[in-house]
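Trainee: Fold the following for me, if possible:
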Amino acid sequence: MAQPRLFIQEKSMYKFSANIAPILDKSILDLGLYLWIWKPEEKSPHLGISLDGLYFSLKIANKQENIKVETILDFIERKKKSIIFVKLETFVELELIQGVFEKFNNCQTDACSCSAPLFDILVPGVKRALLFNLLDELGRGTKIQSIYEINLAEEFHGIPFYTKEDVQMNLLNLVY
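Mentor: Residues are numbered from 1 along each chain as shown. Now for the predicted structure:
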C-alpha cells in the first residue's frame, strides 16, 4: 500500500497535503524535534533543525549550533520572517545532531547546502537532494507528526518548484 505524499506537485509548486496550523504556543518548540523551513514562499528556502529547544543550521558563511530556540524566535518576531515547522517523531539524540554539525563549517567551503546535515541526521543513507525529497522520505516513514507556521501569508499555496541549480545560484548570490 502506498504512503500518502506530504507534497503534491501542482504546476510550478509543491503543496502540503497536510494541514498547517498557526503556532499558538511557541513553547511547544522547547520539546521535540522540528524541521524549520524559512521563507517557504521562496524558491530554495533555508532549512534548520531544533531538538528540545536547541536550534542548528548550516549557513553560507557559518553555522548555528546549540542556539536557544527562544533567541531564534525573537529574531523571527523582530524581522517578521515566515517559517514552517515540521514536528517529527523524536528518533534522534542531541549528540547525533551535534556530531553531524561538527563535520561541517559552512555551505561555501563544504560545497553543499543547508539540507546536507539534515539528510545525514534525519534520513541517513539516503542521497542528499532537495527539501521535497527529505520531506517525502520522512513522510514515507510516517515520522511527521504535525506542521505549524509563523507569519505565513494567507495567500501561501505551496513551495515554488526549484532545482539543485536554483540552490547553487542562491548560494552564489549570497556570497557575492
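Trainee: Where do the helices of this protein begin and end?
Mentor: Secondary structure of the chain (DSSP state H): helices at 69-79, 94-102, 107-110, 116-122, 131-140, 164-175.
Trainee: Which other helices and strands does the fifth one contact?
Mentor: Other helices and strands packing on helix 131-140, by 3 or more Cβ pairs under 8 Å, 6 or more residues apart in numbering; DSSP states H and E, are strand 7-10, strand 33-38, strand 83-88, helix 116-122. Every residue, glycine included, has its C-beta placed from N, CA and C.
Trainee: swap in the second one?
Mentor: Under the contact criterion of 3+ Cβ pairs under 8 Å, 6+ apart, the helices and strands touching helix 94-102 comprise strand 46-51, strand 54-58, strand 63-68, helix 116-122.
Trainee: average pLDDT for the shortest one?
Mentor: Average pLDDT, strand 54-58: 97.
Trainee: which other residues reach it?
Mentor: 36, 46-50, 63-69, 71-72, 94, 97-98, 101, 104, 106-107, 110, 112-114, 116-117 (Cβ atoms under 8 Å, 6 or more residues apart in numbering).
Trainee: For that strand, which strands pair with it and how are they oriented?
Mentor: strand 46-51 (antiparallel), strand 63-68 (antiparallel) (DSSP bridges).
Trainee: Of those, flag the one that's most buried.
Mentor: Stretch with highest mean neighbour count among these: strand 46-51 (a mean of 22; mean count of other Cβ atoms under 10 Å).
Trainee: could you give me the average pLDDT of that one?
Mentor: For strand 46-51, the mean confidence score works out to 97.
Trainee: go on, stretch 79-90?
Mentor: On average, stretch 79-90 scores 94.
Trainee: measure it end to end?
Mentor: 29 Å (Cα to Cα, to the nearest Å).
Trainee: I appreciate the help and will end here.
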